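Engineer: sequence first, predicted model second:
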Amino acid sequence: MSEPINNQILSLRAQLEEHNYQYYVMDNPTVPDAEYDRLMRELIELETAHPELLTADSPSQKVGGEALGKFEQVQHQVPMLSLDNAFDEAEFTAFNRRIKERLLSTQELAFCCEPKLDGLAVSILYRDGVLVQAATRGDGQVGENITENVKTIRNIPLRLRGEDIPQELEVRGEVFMDSAGFARLNETASAKGEKTFANPRNAAAGSLRQLDSKITAKRPLMFYAYSLGVVQGAQLPNEHFAQLKKLTEWGFPMCPETRLVEGTEQVIEYYQDILTRRGELAYEIDGVVIKVNDKAYQEQLGFVARAPRWAIAFKFPAQEEITQLLDVEFQVGRTGAITPVARLEPVFVGGVTVSNATLHNRDEIDRLGVKIGDTVIVRRAGDVIPQVTQVVLDRRPDNVRDIEFPEHCPVCNSHVERVEGEAVTRCTGGLVCQAQRKQAIKHFASRKALDVDGLGDKIVEQLVDRELVHTPADLFVLKQGHFESLERMGPKSAKNLVEALETAKTTTLAKFLYALGIREVGEATAQNLANHFLTLDKVMSASIDALQEVSDVGVIVAQHLHAFFNEPHNQEVVSALLAVGLNWPDIEQKSEQQQPLAGLTYVLTGTLSQLNRNDAKARLQALGAKVSGSVSKNTHALVAGEKAGSKLTKAQELGIDVLDEDALIALLAQYE
Ligand SMILES: NC(=O)c1ccc[n+]([C@@H]2O[C@H](COP(=O)([O-])OP(=O)(O)OC[C@H]3O[C@@H](n4cnc5c(N)ncnc54)[C@H](O)[C@@H]3O)[C@@H](O)[C@H]2O)c1
Ligand SMILES: [Zn+2]
């Protein structure tokens with residue numbers, strides 16, 4: 001009988017040891033805390049049922065973490081312990097009952113309630129009011145000397161303030177990273193292609209345990225004091241809460257949510273209140289810590305192997321859980337962005353059952369290295385949409401499949417486009433895609449586009465929801481009766497709307513191009529396109545290179561334009577718009593006289609100091625010149641600003657005229 005049990009115990013211990021190593025030594029846990037806590041519970045239950053199998057070196061008996069050899073070691077005079085957990089109200093009441101029995105107390109106890117900050121414990125030693133040493137918890141007996149790093153944390157006093165300064169004072173508390181600082185740190189790291197931290201706790205631990213304190217100094221670390229170690233040469237209050245108050249007088253920050261309460265009912269109220277506000281707090285917490293307030297009682301209760309009997313961590317529902325990635329589907333957003341969505345084996349996390357999580361984009365999938373069938377960690381913090389944060393590689397099954405990004409929009413089947421340097425993949429069917437329809441039609445009718453008077457957002461939404469309008473072209477075939485059927489639409493406004501649509505049919509090429517809602521094509525760009533190409537046909541058939549000759553159009557905008565007009569669905573809508581009668585006056589080609597630089601190609605290079613490059617380009621174009629991106633034998637002249645490079649060399653090789661900025665200004669002045 002006890003043979004298989006012993007094996008089970010040994011296996012649990014081995015798993016927990018490995019998790020401890022990843023978590024405490026590498027600051028890079030491979031499973032969520034909830035999973036770790038379950039394994040620990042299982043171990044403790046087996047050991048309790050079979051006390052003969054309990055050994056002193058079991059992870060259930062030790063404070064996790066060992067001091068790394070790369071740091072000097074610090075022996076703690078008073079051990080730094082862990083905390084026992086209560087996972088629900090019943091476990092908390094059981095804790096209360098146990099201690100009352102031990103204390104032979106029939107009265108409700110006073111408790112100090114504190115958020116359980118998710119960072120790491122440090123001990124900071126002051127001699128005659130000056131910070132002389134700081135250490136991590138380590139294995140509880142021996143920690144790591146991190147004095148220089150701790151000195152860089154802005155809200156830790158280097159010198160105590162106020163009066164009655166003790167000869168020796170050891171303050172303990174949590175070093176943590178607030179949520180905003182954590183997000184910023186990870187954003188910067190991922191922008192640089194560096195490794196990101198799984199959660200604020202690991203970010204805090206990784207930042208504090210640096211050999212170079214200059215690195216620590218750059219990290220957004222904070223500290224809240226929550227207890228005392230050694231104290232010599234001072235008379236302190238004999239209640240925990242009052243001691244914390246004393247610490248604040250000496251200049252230590254204390255968590256502002258700390259409260260003194262009486263009895264279990266008030267503890268539960270406190271727990272509920274903090275749980276409700278969990279998402280609003282500036283930092284992450286994984287529960288609250290409940291401590292017997294009376295120091296004499298604390299002493300009477302004492303310790304077990306790895307935790308005090310007088311305190312308990314009353315945990316919140318986990319925000320990270322482990323589950324299976326069943327499949328990946330692709331959703332199309334209002335603006336055409338295609339987001340991969342993970343379909344998960346449903347799992348209870350962050351207080352709800354989660355079966356979908358976002359995978360953000362293609363880069364994120366690559367970064368995670370995730371495949372369909374993988375075991376993954378899902379995180380749901382507050383109201384933020386659940387995310388897949390990590391793959392548990394140890395638990396990758398053999399039959400995993402790669403995630404294939406679609407080449408066509410899953411909603412409208414248009415081509416998808418991915419612009420270089422952008423993480424997002426988009427549907428190019430802006431005018432037809434059901435997912436983008438409302439947005440596209442609102443934009444089409446907006447004031448700076450076709451300016452359809454009276455076609456407000458609410459009306460567009462109803463038209464789309466009732467399937468009366470699929471593309472902007474459909475607007476123009478609607479009759480008064482269609483509009484009258486909408487909510488809050490009388491015959492008069494319906495009639496006005498039909499007339500407004502009729503009026504809107506006559507527009508300009510620039511407004512028409514803008515109304516199409518092509519990504520990054522604003523009013524000014526649309527105007528430049530119209531001036532440059534003169535006709536819609538020429539805009540639609542222009543190559544990426546030709547598009548870049550237009551002022552204000554760089555390679556990205558050119559790619560968006562090209563992709564848009566090459567999508568057959570969009571071509572159909574444009575034809576339909578022309579068929580229902582959209583029209584605009586011809587743009588007059590300026591006469592030769594007004595276009596003294598007609599037929600000449602200029603290239604701009606280097607930095608211009610008096611003119612803005614785009615303006616210079618636009619002004620040359622207004623005079624009829626072409627402005628190209630590269631020098632060839634067809635180039636009429638090169639305008640070379642400061643620090644001109646290879647284009648200048650090439651122009652010189654080809655014997656092409658080179659103008660400096662002053663010469664360009666003189667040229668423009670001559671004709672403008
Ligand atoms: N995911 C993993 O692989 C993995 C591995 C090891 C440990 N863990 C997690 O760590 C836990 C064990 O770590 P632990 O031993 O540090 O215990 P703990 O984090 O559950 O509790 C003790 C710690 O709480 C912190 N704390 C925060 N606020 C406090 C306050 N107001 N008063 C007192 N202490 C406060 C202190 O740092 C203290 O050391 C596990 O329950 C698990 O959740 C996870
Ligand atoms: Zn689409």
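Structural biologist: Done, it's in. Ligands and ions are numbered 1, 2, ... in the order given.
Engineer: so where do the helices sit in the stretch 51-200 of the chain?
Structural biologist: If you assign secondary structure with DSSP state H, counting those that start in this stretch, the helices in the stretch 51-200 of the chain sit at 89-103, 147-151, 179-191, 200-208.
Engineer: which other helices and strands contact the first one?
Structural biologist: Helices and strands in packing contact with helix 89-103 are listed as strand 85-86, helix 263-277, strand 285-292, helix 295-301, strand 311-315; criterion 3 or more Cβ pairs under 8 Å, 6 or more residues apart in numbering; DSSP states H and E. Where you see a C-beta, it was placed from the backbone N, CA and C, and this is true even at glycine.
Engineer: turn these into a markdown table, columns for mean neighbour count, mean pLDDT and distance to ligand 1.
Structural biologist: As requested, those are exported to a markdown table (neighbours: other Cβ atoms under 10 Å; pLDDT from 0 to 100; distance: least, Cβ to the nearest ligand atom, whole Å):
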| stretch | mean neighbour count | mean pLDDT | distance to ligand 1 |
| --- | --- | --- | --- |
| strand 85-86 | 20 | 96 | 6 |
| helix 263-277 | 16 | 97 | 12 |
| strand 285-292 | 23 | 97 | 4 |
| helix 295-301 | 16 | 97 | 13 |
| strand 311-315 | 23 | 98 | 5 |
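Engineer: which of these sits closest to ligand 2?
Structural biologist: For those, proximity to ligand 2 was assessed by Cβ to the ion; helix 263-277 is nearest, at 39.9 Å.
Engineer: which other residues reach that closest one?
Structural biologist: 89, 92-93, 96, 108-109, 111, 113, 115, 257, 259, 261, 281, 285, 288, 290, 314, 316 (Cβ atoms under 8 Å, 6 or more residues apart in numbering).
Engineer: which non-adjacent residue is nearest residue 401?
Structural biologist: The shortest distance from residue 401 to any residue that is not its chain neighbour, by Cβ to Cβ, 6 or more residues apart in numbering, is 4.4 Å, and that residue is residue 372.
Engineer: next one: phi and psi at the one you found?
Structural biologist: With angles defined as degrees, to the nearest 10, residue 372 shows backbone torsions of phi -70, psi 130.
Engineer: same question for residue 238.
Structural biologist: Summarising the backbone geometry of residue 238 under the convention degrees, to the nearest 10, its torsions are phi -100, psi 30.
Engineer: residues touching the spatially closest residue to it that is not a sequence neighbour, list them.
Structural biologist: Excluding the flanking residues, the one nearest residue 238 by Cβ to Cβ, 6+ apart is residue 295, at 4.5 Å. For residue 295, the contact set (Cβ under 8 Å, 6+ apart) comprises 238, 239, 240, 243.
Engineer: filter the residues you listed down to the ones in helices?
Structural biologist: For the contacts of residue 295, membership in helices holds for 240, 243, with DSSP state H as the criterion.
Engineer: filter the contacts of residue 295 down to the buried ones, ChimeraX style.
Structural biologist: Remark: buried members of the contacts of residue 295, expressed as a ChimeraX selection using 16 or more other Cβ atoms under 10 Å:
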select :239,240,243
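Engineer: doesn't residue 473 fall inside a strand?
Structural biologist: No. The assignment for residue 473 (DSSP: H, G, I helix; E, B strand; the rest coil) gives helix, which keeps it out of a strand.
Engineer: surely it meets residue 576?
Structural biologist: Yes. Residue 473 is within contact range of residue 576, at 3.7 Å (criterion: Cβ atoms under 8 Å).
Engineer: more neighbours, those two?
Structural biologist: Under the criterion of other Cβ atoms under 10 Å, the comparison of residue 473 against residue 576 puts residue 473 first, with 20 against 17.
Engineer: measure residue 97 to residue 271 for me?
Structural biologist: Between residue 97 and residue 271 the distance, using Cβ to Cβ, to the nearest Å, works out to 17 Å.
Engineer: quick one, what contacts whatever residue of the stretch 101-250 of the chain ends up closest to ligand 2?
Structural biologist: Shortest the stretch 101-250 of the chain-to-ligand 2 distance, computed as Cβ to the ion: residue-wise this is residue 190, at 27.7 Å. Contacts here follow Cβ under 8 Å, 6+ apart; on that basis residue 190 touches 196, 367.
Engineer: packing partners for the helix-or-strand element of the chain with minimal mean pLDDT?
Structural biologist: Sorting the helices and strands of the chain by mean pLDDT, DSSP states H and E puts helix 613-622 at the bottom, at a mean of 79. Packing partners of helix 613-622 (3+ Cβ pairs under 8 Å, 6+ apart): helix 523-533, strand 601-605, strand 626-628, helix 661-671.
Engineer: can you tell me the closest non-neighbouring residue to residue 332?
Structural biologist: With Cβ to Cβ, 6+ apart as the criterion, residue 332 has its nearest non-adjacent residue at 3.7 Å, and that residue is residue 435.
Engineer: for that neighbour, which residues are in contact?
Structural biologist: Each residue near residue 435 by Cβ under 8 Å, 6+ apart is listed here: 331, 332, 333, 334, 336, 409, 411, 412, 427.
Engineer: hang on, it in a helix?
Structural biologist: Yes. In this structure, residue 435 lies within a helix as judged by three-state DSSP.
Engineer: tell me, what's the model's pLDDT at residue 165?
Structural biologist: We note a pLDDT of 94 for residue 165 in this prediction.
Engineer: try residue 497
Structural biologist: In this prediction, residue 497 has a pLDDT value of 95.
Engineer: A strand includes residue 224, no?
Structural biologist: Yes. Secondary structure of residue 224 (three-state DSSP): part of a strand.
Engineer: can you list the domains in the protein?
Structural biologist: Residue ranges for the structural domains of the chain, counted by the TED database, are given in the record as 5-61, 85-313, 320-417, 433-505, 509-580, 592-670.
Engineer: rank these by pLDDT, which is bottom?
Structural biologist: The weakest mean pLDDT among these belongs to domain 592-670, with a mean of 87.
Engineer: next, the contact list for residue 452, please.
Structural biologist: Applying Cβ under 8 Å, 6+ apart, we find residue 452 in contact with 445, 475, 497, 500, 501, 504.
Engineer: let me know the closest of those residues to residue 608.
Structural biologist: Of all the contacts of residue 452, the one sitting nearest residue 608 is residue 445; the distance, using Cβ to Cβ, is 39.7 Å.
Engineer: what's around that closest one, how many residues?
Structural biologist: 24.
Engineer: again with the one 3 residues further on
Structural biologist: If you count neighbours by other Cβ under 10 Å, residue 448 ends up with 12.
Engineer: quick check: the gap between it and ligand 2.
Structural biologist: Taken as Cβ to the ion, to the nearest Å, the spacing of residue 448 relative to ligand 2 amounts to 24 Å.
Engineer: check residue 90 too.
Structural biologist: 51 Å.
Engineer: show me the contacts for that residue.
Structural biologist: Counted by Cβ under 8 Å, 6+ apart, residue 90 has zero contacts.
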